[in-house]
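**Q** sequence isn't available, so here's the structure alone:
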């Protein structure tokens, strides 16, 4: 509501904002625990090693050789507890 008011100068109530967002295709989404745990620790290690061998290590090698770039962006800050809600 605040973003709409800031961008357009129009103040809308909660119901009008919900209707507007629904018209844009937004829907309620129930969240799940992240990261979804793998079936077993062995499977988790296998998935990580596959990623390392097929994607990460070639990118790191290219960066060391000066033919590519690797950027690190910490986009998630996990907590020890699980907080499930709707978005």
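**A** Cool, the structure landed. Just so we're clear, the structure is a prediction, and the values are computed from it rather than from any experiment. Numbers count the residues shown, from 1 in each chain.
**Q** helices of the protein, residue ranges please.
**A** Under the criterion DSSP state H, helices of the chain are mapped to 2-8, 14-23, 41-51, 57-65.
**Q** could you dump those into JSON lines with distance to residue 72 and mean pLDDT added?
**A** Where C-beta positions appear, they are placed from N, C-alpha and C, glycine not excepted. Shown next, in JSON lines, are the helices of the chain (distance: least, CB to CB, whole Å; pLDDT from 0 to 100):
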{"stretch": "helix 2-8", "distance to residue 72": "29", "mean pLDDT": "91"}
{"stretch": "helix 14-23", "distance to residue 72": "33", "mean pLDDT": "91"}
{"stretch": "helix 41-51", "distance to residue 72": "15", "mean pLDDT": "86"}
{"stretch": "helix 57-65", "distance to residue 72": "11", "mean pLDDT": "95"}
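**Q** how about those in TSV, adding mean neighbour count?
**A** Below are those laid out as TSV (neighbours: other CB atoms under 10 Å):
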stretch	mean neighbour count
helix 2-8	10
helix 14-23	11
helix 41-51	11
helix 57-65	12
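**Q** between those helices, which gets nearest to residue 71?
**A** Comparing the helices of the chain by their distance to residue 71 (CB to CB), the top pick is helix 57-65, with 9.4 Å.
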